[in-house]
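*Asks:* Provided below are the primary sequence and the corresponding predicted coordinates.
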Amino acid sequence: MTKTETFKARLYKILEAGHSHDWQSRAFEGVMATLIVLNVIAFSIETVPAIHDRHAVFFRLFDLGSIIIFSIEYAARLWVCTEHPPFRGLSPWRARLKFARSPLMIVDFLAIAPFYLGMFVALDFRVLRILRLLRFFKLARFSPAFNTMLRVLARERSALMGVVIVLFGMIIIAASLLYLAEGHLPGSQFATVPDAMWWAIATLTTVGYGDVTPVTALGKILAGLVMVCGLGFFALPIGIIASGFMEEFRRQDFIVTWGMAARCGVFSVLSSEEIAEVMTVLKARTAPPGSVIAVDGDKPGAFFMIGSGEVEIRDSDRPELEAVRLSDGDSWGARSLLIGRQGETAAALSTCDLIVLDEEDFRTLSRTRPHLYRRLHQSLAEAGDPFANAREIKEEAAAAG
């Protein structure tokens, strides 16, 4: 592999792969997210004439610097997109053309396009400033929460569209009822259904501006009913979005747990359906740096898998053995789970994401899934000793050296 290819692969990991435990990726994402937020703040402050006139040069230079950075980022993403697994079978130009049409790349393009458009087309300066606000949507790349929200809205779009249709129907009905109740009165503010629709929107949303109000007893009764309906109706989209967020979090937890379980050798003898069943009794746990995860002799025993981070384990029963460091994808505690007593003392050397199978949940499988319990019990009994594995790796390295 040439130096250019190595640099390209590394740049792809920083820009697109999203390695949250890589300091270079974290630094890049932090700088870009900060720059986007500063652009939004600058856009807002720049609309104040006194501030803009006093610092016009600064705002111009800041905007120019931001455009240069965003343009380099856009070009770099296009260059490294051929490293994407789905695009590796395509020619470079076809891969880049297809990648440029992806939603996030379109947002990146729109974030820089107004600047270059203003160089060739005479546009109102205020229009250009408003178009700069499109840079805010670049946060979708660097903010997991923002990205999650967009996925939830996209997934629930059918239900939310149904809510919009029902809302429009309620506006029409409410406006029509007020038109029938008070449209015939002299100087009425509800002389037509379109005139009454403004009142219906303000009332259903419970805003109640008060600029248009019914004057008859019947009109006031109808208005009260519309207000009550508005209170109940707007709980519907909130519930849809809230349930969408919960489903998204469950899906993310499932994917993470599945990936960790699938990498573990203990579960390699299980089918995908059996792994899904085991996942119902697995627990997620996070350990901060320096914390003690398990102590030798503790009851009951537990089996641990490391999703990310680094752990040091020691065996008090075998003090002659050196401490062993485990990292992403490693596991320990198979023997501890079977004997019902923790056989190792484990401490987190960094922030660790762990998946735990404790004795109580393991015994639950013996009652609910006896066949799965027997297969998993056999696999745990045959699991390698992490201390023995570490010694073998050390001896092989010494022999190779």
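*Replies:* Happy to help now that I have it. Numbering: from 1, shown residues only.

*Asks:* buried ones in stretch 330-349?
*Replies:* 330-338, 342-348 (16 or more other CB atoms under 10 Å). Every C-beta, even on glycine, is put in place using the N, C-alpha and C of the backbone.

*Asks:* domain-wise, how is this structure divided?
*Replies:* Listed by automatic domain parsing, the domain ranges of the chain are 3-142, 143-263, 266-400.

*Asks:* turn the ones you listed into JSON lines, columns for mean pLDDT.
*Replies:* As requested, those are exported to JSON lines (pLDDT from 0 to 100):
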{"stretch": "domain 3-142", "mean pLDDT": "81"}
{"stretch": "domain 143-263", "mean pLDDT": "82"}
{"stretch": "domain 266-400", "mean pLDDT": "78"}
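
*Asks:* tell me the one of the buried residues of stretch 330-349 nearest G265?
*Replies:* G265 has its nearest neighbour among the buried residues of stretch 330-349 in S331, at 7.4 Å by CB to CB.

*Asks:* nearest residue to that closest one in space, please, no chain neighbours.
*Replies:* The shortest distance from S331 to any non-neighbouring residue, by CB to CB, 6 or more residues apart in numbering, is to M305 (4.5 Å).

*Asks:* what about the one you found, neighbour count?
*Replies:* M305: 25 surrounding residues under other CB atoms under 10 Å.

*Asks:* swap in T364?
*Replies:* Residues near T364, counting by other CB under 10 Å: 14.

*Asks:* so what's it up against?
*Replies:* V281 (CB atoms under 8 Å, 6 or more residues apart in numbering).

*Asks:* could you pull up phi and psi at it?
*Replies:* phi -60, psi -40 (degrees, to the nearest 10).

*Asks:* measure it to P237 for me?
*Replies:* Distance of T364 to P237, given as CB to CB, to the nearest Å: 39 Å.

*Asks:* next: D353.
*Replies:* 34 Å.

*Asks:* and for A191?
*Replies:* From A191 to P237 the distance is 32 Å (CB to CB).

*Asks:* go on, G265?
*Replies:* 46 Å.

*Asks:* count of neighbours near R94?
*Replies:* Neighbour count for R94, taken as other CB under 10 Å: 12.

*Asks:* wait, is it part of a helix?
*Replies:* Yes: counting by DSSP: H, G, I helix; E, B strand; the rest coil, R94 is part of a helix.

*Asks:* just the helices in the stretch 151-300 of the chain please.
*Replies:* Here the stretch 151-300 of the chain has its helices, by DSSP state H, counting those that start in this stretch, at 157-182, 193-204, 217-233, 235-263, 272-279.

*Asks:* so what does the second one touch, helix or strand wise?
*Replies:* For helix 193-204, the elements it packs on are helix 157-182, helix 217-233, judged by 3 or more CB pairs under 8 Å, 6 or more residues apart in numbering; DSSP states H and E.

*Asks:* ok, now which ones touch S188?
*Replies:* E182.

*Asks:* picking that back up, in three-state terms, label the residue nearest to S331 for me.
*Replies:* Three-state call for M305 (three-state DSSP): strand.

*Asks:* what does A383 give?
*Replies:* coil.

*Asks:* that one: what's it in contact with?
*Replies:* Contacts for A383 were tallied using CB under 8 Å, 6+ apart; they are 265-266, 331, 334-335.

*Asks:* how about the helices in the stretch 301-401 of the chain?
*Replies:* With helices called from DSSP H, counting those that start in this stretch, the stretch 301-401 of the chain shows them at 334-339, 359-368, 370-381, 386-400.

*Asks:* thinking again about what came up before, can you put the contacts of A383 in TSV and add distance to M119?
*Replies:* Below are these laid out as TSV (distance: CB to CB, whole Å):
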residue	distance to M119
G265	59
V266	61
S331	58
A334	65
R335	69
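
*Asks:* what's the closest of those to L150?
*Replies:* S331 (35.2 Å).

*Asks:* and that closest one, how far from I313?
*Replies:* Separation of S331 from I313 (CB to CB) stands at 11 Å.
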